[in-house]
Each structure stands twice: as C-alpha cells, then as structure tokens.
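K.L.:
Show me the folded form of this:
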Amino acid sequence: MSEWTSTTCMRCAVGCGHLQQGVDEGYGLDTVRGDANHPVNRGLACQRGVRETADPDGEWLTRPLIRDGGELVATTWDTALDVVTSRFSEALNRTSDGVAVLGSGQQTNEAAYALGKLARGGFGTRNYDANTTLCMASAVTAYYGAFGSDAPPPTYDDVPKATTHLIWGANPAVAHPVLYRWIIDSAGDDDSELLVVDPVESRTVDDADYHVQLEPGTDLAFARAVLAEVIETDGVDEAFVGAHTDGFDALREVLPTAAEAADVAGVSIEAVERVAAALDASTLVYWGMGVNQSVQGTGTARALIDLCLATGNMGPGSGPFSLTGQANSMGTRVCSSKGTWPGHRSFTDSVHRETVADAWGVPVERLPDDPGPGPVGIVDAIADDDVEACWTVATNPVAGMPDAGGVREALDDAFVVVQDAFRTETAELADVVLPAATWGESEGTVTNMERTVSRVRSATEVPPQIRQDIDVIAAVGHRLAPELFERPPLNPESVFEEIRALTAGTPADLSGITYDRLETELAVRWPAPDADTQGGYRYDDGDGWTFATETGRAKFSTAMHGGLAEPIDEEYPLTLTTGREPDVYNTGVRTRGDGTDDPPTARIHPETTLERTEALDRGHTVVASRRASVTVSVQPDDGVPRGTIWLPIHHPAVNALTLPVVDPESDEPNFKQCAVDVRAPDPTNPLTQQGMTPSEDVVSADDVAPSDDD
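P.N.:
Numbering: from 1, shown residues only. This next block holds a predicted model:
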C-alpha cells in the first residue's frame, strides 16, 4: 500500500483536508479519509467528498478524441493540439474575441491562473468566464457594493461564537455537511438557535428552530420586511450605523412597511417579527444559491448585508457569510483574471492593467478593459456567430447553464474543445476532447470559502494519455502565445510564485504563502502579506473598522423587490424551483452511475397533484416551460408549497427548463424561479435524457407556447 498523501477535498468549498492512498497496482485511489491534522476540518469529512474522490461514477476520458465523420474517435495529443491551435488561430486572426473560454471552480489556483493568463493575455478575449459566475457572482457583487472588496468578513472561527444562525436560501446540511456540523453544534447550545428562510422544506429545515416558507423569488421583499421591523422596534445599532456606514437614511426613506413587504413575500407578520427579534443576538447570516441565482440576487445579498450592518452584526460571531458552492470558486476569483485581475485588481483601473501587462510581458492594449458579458452573454455571442470557437475546462455548460437546449444549439454550430476528466453532455458535442487529470491526480493549491489556501496533491499516477489541467493549458498556450508559457509540463509551484508576486499588496494578498509554508501549516488564510501572518475577520484589524470604499465606511443599499423574472400565468400557472440533493453535486457526472436515463424526481405538493390528475401517468408527468419540456417522476411532498415544483439541479435535463435571464449587476442567471405547467406524457415520445435531446421529443412544439423573444 502506498504512503498516505495529504491533500484538500475538491468537492465543495468547505476546504476539508483529506488523506489519500493510491492503489497498489495500476492507477487510481484506494482509500480517502479526513485529515485530523488539517486546521480546517480536524479530521471531519463528508461521505460525498470521500466517495466522489475515491470511487467516482461516470465514464472516464483516457485519451484525446477528435470528431471524424460525426463520431468522436481516439487520436494523439499532437494531432488534437494541432487541430485546436489551428482553429483557435483562425478565429483569433479575425478578432481577439473570436475564442470563448469557460473555466471552472474545480481547477486549482495554478490552473485557473494559467487559463486566465492565456485567455486575457494571450488571446485578449472578453469572452472568458467560469461557472463560478453561475453560483457566486451576485454575492461577490454585493460584497463589493457594501464593503468595496470581495469575500465574506467572517471565518469558520465565528461559527461557534454565534448565538443566532440565520440560513437563507441555502441547504448546508446537504451542500456543506462539515460546515453544517459546526453550525448544528453551535445552534444546539441552550441560548442559541437556528432559523431557516427557504420556500421548500429541506434537511436543514428539519433541524431548524423556526422555518420561514416564503414565496419563491420574494427573498428581497422579505429581507426588507425584516429590516422595517428592526427599525420599528428600535433594533438598529445606531452607534455602529452612525460611525461606520453610509446611506442608512436613504434606505429608511424608501423602505415599505413590514406588513406590505411581508404580504409580497407571502409570509405572516409573525414570521417577520420572529426573524427581526433573533437579530438582536450575535447573528451569522448565511446564504446560498437560493439568494444568488436570481435577477434580484445582488439586491437580495445586499439586503442581507444591510440587516447585519443595521443591527451591528459585524465582528466576531456575526456577519454576512455567503456559502460558496464549488471547491475553488474563491481561488478562481482571486487568481484567474475572470472578474478582476489577480489579487482583485480592478479591470477598469489603468494602473492595474499596466501592472498585469508588465508582469506577463504583453502589450497593455491586448488586455480587455472589462470582464466581459458573463457565461450567458458568451453563449449569446456564440449563437450570434460572433464567436467561432469555445473551450470549456472542467465545466459542463450543456447541462449546467440555464436554457440548456439553447446552449446546445449554440455550441452545435461552433468549434468546441472540451477539457475534462469525464465524458459529459458537453463532450458529446465537442470537436476535440482533451482528457484531464482529476482529484488525487493533480498538484497545486485551492482556496476555500473562508479565504484559506491549502495544497492539492497527487497520490496516484495517471494513464499516459492523461495530462493535468495546467499542462493542457500550457500546451495550447506555448503554441499560441509562447511568450507567456514555457513548454509543459509546468511546475505548479513556479506558477504559484507568479500568483504570489501579482497579488502582493492587493486586498487578496497571497505573497506570504509559499508551498514550504503550506507544508508546515497545511492551510493559511489570506490576506497573508508576509510569512508570519494570515487574515482573520475582515475590515476590523483591532484598531477599528476600515472598509475598502471611497469613504472607508460600509454602504447600505436601496434595492427593492421588483417582481418575478417570469411570473406565472394561465398557460404556465406553476412555479419551478431547483435545489441540491444529498451526495450529489453540480451536474452529477461523478455520481449518476447508470441513472442518467432515469427521469428526474419532482417534489410536488399532494394537493397540486390532485388538482392535475389528468397530467399524471403512472407516477410520471411532463414539466413544460416556455423553453422545453421534461418527463419527471412525481414525488408527492407537502414540504413543497402548493403551486410549486422542485427539481434537482444535478440532472442533465432540468436546466432545459430554466430561464436565461440574468441579474443586471452580476450577470448571474435566474435559475431558481420560472413559470411551468404539467402535462400528460406521450408514451410514444419519451424524453431521451442522455445527450439531452430537444424538448420536442416529449411535447410537440405546438403544445409549448413560444416566448416573446421567439
């Protein structure tokens, strides 16, 4: 048996330390467990992280593939790279925006940095983003608006210090089990409590002292109702607001009454009073995709931050804490040049652009002067033929983006390169597939949701035709931008040295973190400007509060509920919302097993099913939106409100239904609410889930009303 190798779990963003052993013979991992020495989790580990690392499902990619005569066939790396670089060169010769690049929060810091360096500094493309924008962009935009800087102020150290744990639009019992263990341990104290705001019942709700079941898409209205009640009951921390914030009076002037806003959210005034009273104690406000994935995601996240500011819930044991989804979403934001230059340097700051251009040795005019249109905008550009080629890295947009059928159609007409460890729905559309190493096979670092950097290490060799992400990126980069990349393989530590240098002196300073330091300490939280310090609670250094805004004070916001992105009507009278299932993540590639062809399971209130018995056929129905129709199995569940349908995000068919409208501030899509109906299945036309056939395979085009844009 091989030696134990310490690493970091790459499943969610808690950032648990793992120990792993490779198999005795061949390739792969034999055993994975929690690392008792790791300062983040102290040996705790969730079964999902262990299983998906040690024994994932899915079809592994083991050699490069190229499309020949409509089929993907095996080829050599040289041939695959020749085709990729030739087609990318043709597209870039026409316009620097001719190649779109979609990255992922599943890459290491080093691979994410290399991909951004190539996309921005080599290609010069605006059409570059990552799937972290699909889950975290609204929270990020809200943090910038309120504090002038990204990332949550609290850390894990604050969880046991909190008295009230308010979880809003999130299900950490399923999505972040180890973090949830700490929340439950803290909330279990006699003077502590757990409150949950969510339209549907969940495993987290099962443990709650109080559940607010609001109408889907009305979170902003309810947050404003709570703030109005806080003001009415003299719950404002006037000293904190007066000394450390701007804009509270402007917010107070436009607030609706608590009763008016509660009515919009479909909740009782008693629910408003209960949550407002709980904020009087030291409170951590956690939120997740139920808040972010909305056309009002930024406004709602700002409203939750406003609650913390108004009640003085800033400091140890309190504050606004967004729950990050993917393992390295934070690292992607810090390192990858996706929304900011490395270290959270602003795209619009000419000095920062010159600093990056000088570091990379490229002309400053090559660098885009804005972050680009976001993933949905990139797909629109592909559909409009403004982009000829698309390169996806560790992401599956055909299943994971809204209006997935539209994404499929757009990519079907482009030259598509898929870099992944598993054969996904997007790989089925690819012209070239580049097989990448996965967890337990890669070297580098990642950054968890509380800003802690730790190592990722390989414990097994890989088959000879598989390469690490960073080396695939460098191979393309060396051919297209040789001034930026040496010939691979690259040394991840050398790449991390570049990251350290570019982040020095920035808000996200990693310059004091080295591989040697991580060898000793295992995990270090940024900002870490030197070898002896690391970050703690943000914006309070012990000498008082200082925020990264023009005035040095935190800012209140004034956004109010503006209606639903897609209201129900007579034709589509039901509301669809989506969420996570236990032991599954993202599009479920690593956990589906042989269940890909099975229909997703829809949770529907029993009374809703009784009202629509004509649409049911032996426990199945068809959920239809303006974009597509999907056959589902029906699970009656009174934990889902009447008139609402809940579907899991992990099934490759579900996002055929969802809405590609985005938050205007963050570009994050409105995954969580759209209008649907249920209709009887057509047994002669079952939906083929694998490969995501178009929606007319279930319901004829005549049965589905076109949208206003069709």
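
K.L.:
Centre of the chain to the longest helix belonging to the chain, how far?
P.N.:
In terms of residue count, the longest helix belonging to the chain (DSSP state H) is helix 77-94. Counting by CA atoms, centre = their mean, to the nearest Å, helix 77-94 is centred 30 Å from the centre of its parent chain.

K.L.:
in it, what counts as buried?
P.N.:
77, 80-81, 83-85, 87-88, 91-92 (16 or more other CB atoms under 10 Å). Placement of C-beta: from N, CA and C, glycine included.

K.L.:
Which element, helix or strand, includes Leu195?
P.N.:
Assigned by DSSP states H and E, Leu195 belongs to strand 193-197.

K.L.:
neighbouring strands for that strand, and are they parallel or not?
P.N.:
The strands beside strand 193-197 in its sheet (DSSP bridges) come out as strand 164-168 (parallel), strand 210-212 (parallel).

K.L.:
Residues contacting it, please?
P.N.:
163-169, 183-184, 187, 202, 204-205, 207-212, 214, 219, 222, 274-275, 278 (CB atoms under 8 Å, 6 or more residues apart in numbering).

K.L.:
From those residues, list just the buried residues.
P.N.:
163-169, 183, 187, 202, 204-205, 207-208, 211-212, 214, 219, 222, 274-275, 278.

K.L.:
Stretch 629-644 - what's its average pLDDT?
P.N.:
Averaging pLDDT along stretch 629-644 yields 96.

K.L.:
Enumerate the strands of the stretch 201-350 of the chain by residue range, in sequence order.
P.N.:
210-212, 245-246, 283-287, 319-322 (DSSP state E, counting those that start in this stretch).

K.L.:
Need the residues that contact the shortest one.
P.N.:
Put plainly, it is strand 245-246. Outside strand 245-246, the residues that touch it by CB under 8 Å, 6+ apart are 309, 549, 551, 553-556.

K.L.:
Extract the C-alpha set from the longest helix of the chain and format it as CSV.
P.N.:
This file holds the C-alpha atoms of helix 77-94, laid out as CSV (Å, rounded to 0.1, in the frame of the first residue of the first chain):
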residue,chain,number,x,y,z
TRP,A,77,-2.1,14.6,-28.3
ASP,A,78,-0.1,16.2,-31.2
THR,A,79,-2.9,15.8,-33.6
ALA,A,80,-5.5,17.1,-31.1
LEU,A,81,-3.4,20.1,-30.2
ASP,A,82,-2.6,20.8,-33.9
VAL,A,83,-6.3,21.0,-34.7
VAL,A,84,-7.1,23.1,-31.6
THR,A,85,-4.4,25.6,-32.2
SER,A,86,-5.1,25.8,-35.9
ARG,A,87,-8.8,26.5,-35.4
PHE,A,88,-8.1,28.9,-32.5
SER,A,89,-5.6,30.8,-34.6
GLU,A,90,-8.1,31.2,-37.4
ALA,A,91,-10.7,32.6,-35.1
LEU,A,92,-8.3,34.9,-33.3
ASN,A,93,-6.9,36.3,-36.6
ARG,A,94,-10.4,37.6,-37.2
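
K.L.:
could you give the mean pLDDT of it?
P.N.:
On average, helix 77-94 scores 98.

K.L.:
again with stretch 608-617
P.N.:
Here the average pLDDT along stretch 608-617 is 94.

K.L.:
where's that stretch relative to the chain centroid, distance-wise?
P.N.:
On CA atoms, centre = their mean, the centre of stretch 608-617 falls 35 Å from that of its chain.

K.L.:
Mind listing what's buried along it?
P.N.:
Buried-residue list, stretch 608-617, by 16+ other CB under 10 Å: 608-609, 612, 615-616.

K.L.:
Determine the longest strand present in this structure.
P.N.:
strand 629-636 (DSSP state E).

K.L.:
Where does pLDDT dip in this protein?
P.N.:
1-2, 593-596, 683-710 (pLDDT under 70).

K.L.:
if we can go back for a sec, so what touches the longest helix of the chain?
P.N.:
64-66, 98-99, 123, 387-389, 391, 415, 417, 431-434, 465, 467, 475-476, 479-480.

K.L.:
quick one, helices of the stretch 301-450 of the chain?
P.N.:
Secondary structure of the stretch 301-450 of the chain (DSSP state H, counting those that start in this stretch): helices at 329-335, 350-360, 374-383, 397-400, 404-412.
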